[in-house]
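Student: quick one, structure for this:
(chains A and B)
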Protein chains: 2
Amino acid sequence: MKKFVNDPHDFVPQMLEGLVLANAGKLEYVPQYNLICRSDMPSDDKVSIIQGSGSGHEPAHVMAVGRGMLDAAVPGGVFSAPPVEYCLECIKLMNSARGVLYLVNNYQGDRMNWDMARELAEAEGINVGVVVIDDDVAVKDSTHTVGRRGVAGNFFVIKACAAAAEQGKSLEELVALGEKVNAAVRSMGVALSSCTPPAKGEPIFAIGADEIEMGVGIHGEPGRSREKLQPADAIIEQLFQAVHDDLPFNSGDRVALMINGLGGTPVSELYLLYRKAALLCEEHGLTVVNNYVGEYCTSLEMAGASLTLLKLDQELEALLAAPAEVPIRVF
Amino acid sequence: MKKFVNDPHDFVPQMLEGLVLANAGKLEYVPQYNLICRSDMPSDDKVSIIQGSGSGHEPAHVMAVGRGMLDAAVPGGVFSAPPVEYCLECIKLMNSARGVLYLVNNYQGDRMNWDMARELAEAEGINVGVVVIDDDVAVKDSTHTVGRRGVAGNFFVIKACAAAAEQGKSLEELVALGEKVNAAVRSMGVALSSCTPPAKGEPIFAIGADEIEMGVGIHGEPGRSREKLQPADAIIEQLFQAVHDDLPFNSGDRVALMINGLGGTPVSELYLLYRKAALLCEEHGLTVVNNYVGEYCTSLEMAGASLTLLKLDQELEALLAAPAEVPIRVF
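Tutor: Residues are numbered from 1 along each chain as shown, chains lettered A, B, ... in the order given. Take a look at the predicted model:
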């Protein structure tokens, strides 16, 4: 294993310490619960928006905490769900008179722990809402999920709900909005390489020098097919077609298009991928109103990328245009 | 070679096409000269700021074109200097009544071609200024340079000069400012892996599974020493000490601190590195006023990072705080 790491078990806390050192006065760190939150939250003026899942997907989600995005994030260890206690403390710490909304990607471990935390929080009289994200079209069920997985499309749910929360929307309105965004967003990814969790010390799956995993999950879960390496444009055509046909998107739609790097792919390659994706949108009559090229939801140092399309309407276009301020430019 | 690429010879143009497709209305692409420029430039109200060097270092420099940063960038092929003709056309296209300033990192190929372009442009009556950047403390001379190499510290020169240009400073003032920034900035990098230029198809150097290259150059040039892999904090201590002692920085200094990823290192590891760098600044009495954690000047998909320190004064603090708008968040 060749990484910048000290004791592998300190990987997550030391990353979080670095994050708050770099954002003094804006972010706070609660080491006891692996918790990162805005220094100025909670506020009874708005619903608090929170999220927590395994680490190793940065900038998701700890680096998406800031004004106009998440109010707090509570990650678990690398690729493992945050314990119930962490989730509960996060809800309690971000408790607001307007309520607390947690956004959870559809993985069994995350959902189970958040559900238990929610029950416990509600028993204490806290008003809690939830939106489940499952934008990954690659597979119906997977090793970690019943139903589809939640991946980079999650960022659009965060952004829309957080912008609407800043405008004073109610918890019930935000749940409906989050579900609307999730229903309009589709993603699929591809891996060129595996990745190595620090405490595991070896790659999470094997892949040949001429192979790619089409439809890979963000924890290395198998996708649709193990294929031979292909030209970049052919890979994007597969991702685009799968995503496009699933909703389906239709000629005349206005969309947001995201090319998300999985951690080890340089931004030069991401723009090369964006080129073909943008051309395919044009061919299919889709107008790209917003675009996002960079790292949003990664798998440690995995070489690979995902493509996300979101169908827009006037409400969503306005929400995506709202200001946001986070450590890593995500929106 | 496992990359997102079509014909390897189209790697740079297709990346640039993607970049302008993602920035319609803001950036223009002149395929003939590999040139990316602001759509609203040049203007006779300000000095134009331009840069060009080998590709493969993205976001440097094509993704640093935008308001408050570069007015144009003219990259060569991967790790090869832009031809004289490209440099000259870039100067001519960005010609302004206030003059044109090019910023060049200290590599023989880049300097030679820009010098020739400058002579040709001056013969046509264009007022051209130059600032040479050589912030890398790793080695005195290297395979590609007489004197020190220019690396990520370059971004501070761009930012300061571009912000001052927007304020109406003259070409002579900007040259002096750029030289002042370069004199106050120091960097050093380390590689955990090699990288593979698309058209070459194989790694530019070999490195053992337990080895790191301390002081590596951004084209894989040898650094100070080939060492065994060490804990992240020990690596940062070496980088920090080399950079700190070179200027030297002194207790009481106010600084900007950058942890730059070399392309294949995930942002989680970069924040883990930032943690130790920030603690070392504190120990040495340095106040970190501005921090930058992410990818600025990369070597394709190389796993590795560099540390940059800039000594600030009131003028530089104000210039770093000026607004900038580029495709990739760099400042």
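Student: now do the strands in the stretch 151-300 of chain A.
Tutor: Using DSSP state E, counting those that start in this stretch, the strands found in the stretch 151-300 of chain A span residues A:185-191, A:211-214, A:225-228, A:254-261, A:287-294.
Student: what would these look like in CSV with mean neighbour count?
Tutor: (C-beta placed from N, C-alpha, C; glycine too.) CSV is the format used below for the strands of the stretch 151-300 of chain A (neighbours: other CB atoms under 10 Å in any protein chain shown):
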stretch, mean neighbour count
strand A:185-191, 27
strand A:211-214, 22
strand A:225-228, 13
strand A:254-261, 24
strand A:287-294, 20
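Student: need the ones you listed in TSV (columns: mean pLDDT and distance to chain B).
Tutor: As requested, these are exported to TSV (pLDDT from 0 to 100; distance: least, CB to the nearest CB, whole Å):
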stretch	mean pLDDT	distance to chain B
strand A:185-191	98	9
strand A:211-214	98	8
strand A:225-228	97	11
strand A:254-261	98	8
strand A:287-294	97	5
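Student: save the ones you listed as CSV, and put in distance to A:Val84 too.
Tutor: Supplementary listing: the strands of the stretch 151-300 of chain A in CSV, determined by distance: least, CB to CB, whole Å:
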stretch, distance to A:Val84
strand A:185-191, 28
strand A:211-214, 32
strand A:225-228, 36
strand A:254-261, 29
strand A:287-294, 33
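Student: quick check: residues of the stretch 101-250 of chain A near chain B?
Tutor: Contact residues, the stretch 101-250 of chain A versus chain B (CB under 8 Å from any CB of the partner chain): A:192-193, A:209-210, A:229, A:231-233, A:235.
Student: from the residues you listed, which would you call buried?
Tutor: Restricting these to buried positions leaves A:192-193, A:229, A:232-233, A:235, with burial counted as 16 or more other CB atoms under 10 Å in any protein chain shown.
Student: the residues you listed in helices, which ones?
Tutor: Under the assignment DSSP state H, these contribute A:232-233, A:235 to helices.
Student: now do the same contact list for the residue of the stretch 101-250 of chain A found nearest chain B.
Tutor: Residue of the stretch 101-250 of chain A nearest chain B, by CB to the nearest CB: A:Ala232 (4.1 Å). By CB atoms under 8 Å, 6 or more residues apart in numbering or on different chains, A:Ala232 lies in contact with A:269, A:272-273, A:276, B:3-6, B:14.
Student: same question, A:Glu211
Tutor: By CB under 8 Å, 6+ apart, the contact set of A:Glu211 is A:226-229.
Student: let me know the closest of these to B:Val181.
Tutor: Using CB to CB, A:Leu229 is the member of the contacts of A:Glu211 that sits closest to B:Val181, with 43.0 Å.
Student: surely that closest one meets A:Asp210?
Tutor: Yes. In this structure A:Leu229 lies within contact range of A:Asp210 using CB atoms under 8 Å: 5.2 Å.
Student: so what's in contact with those two at the same time?
Tutor: Counting by CB under 8 Å, 6+ apart, the shared contacts of A:Leu229 and A:Asp210 are B:Lys2.
Student: the contacts of A:Glu211 into a markdown table, with extra columns for distance to A:Ile91?
Tutor: Shown next, in a markdown table, are the contacts of A:Glu211 (distance: CB to CB, whole Å):
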| residue | distance to A:Ile91 |
| --- | --- |
| A:Arg226 | 40 |
| A:Glu227 | 42 |
| A:Lys228 | 47 |
| A:Leu229 | 45 |
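Student: distance check, A:Asp136 against A:Asn260.
Tutor: Distance of A:Asp136 to A:Asn260, computed by CB to CB, to the nearest Å: 12 Å.
Student: A:Ala64 too?
Tutor: A:Ala64 is 13 Å from A:Asn260, by CB to CB.
Student: low pLDDT regions in the stretch 51-200 of chain A?
Tutor: The stretch 51-200 of chain A contains no residues with pLDDT under 70.
Student: residue in it nearest to chain B?
Tutor: Closest contact between the stretch 51-200 of chain A and chain B, by CB to the nearest CB, is at A:Glu58 (4.3 Å).
Student: how about that residue, nearest residue that isn't a chain neighbour?
Tutor: B:Ser268 (4.3 Å; CB to CB, 6 or more residues apart in numbering or on different chains).
Student: do you know how far that neighbour is from A:Glu325?
Tutor: Applying CB to CB, the value for B:Ser268 to A:Glu325 is 21 Å.
Student: ok, now A:Ser251?
Tutor: Distance, A:Ser251 to A:Glu325, using CB to CB: 36 Å.
Student: and for A:Ala234?
Tutor: Distance, A:Ala234 to A:Glu325, by CB to CB: 38 Å.
Student: pLDDT value on the residue nearest to A:Gly263 when sequence neighbours are not counted, please?
Tutor: Using CB to CB, 6+ apart and skipping residues adjacent in sequence, the residue nearest A:Gly263 is A:Thr298, 3.7 Å away. pLDDT recorded at A:Thr298 is 98.
Student: ok now stretch A:318-325, how far from the chain's centre?
Tutor: Between the centre of stretch A:318-325 and the centre of its chain there are 17 Å (CA atoms, centre = their mean, to the nearest Å).
Student: and A:Ile133, what are its bridge partners?
Tutor: Taking DSSP bridges as the rule, A:Ile133 bridges to A:Asn105.
Student: that one and A:Ile158 touch, don't they?
Tutor: No. Under the criterion of CB under 8 Å, A:Ile133 is not in contact with A:Ile158, lying 9.1 Å apart.
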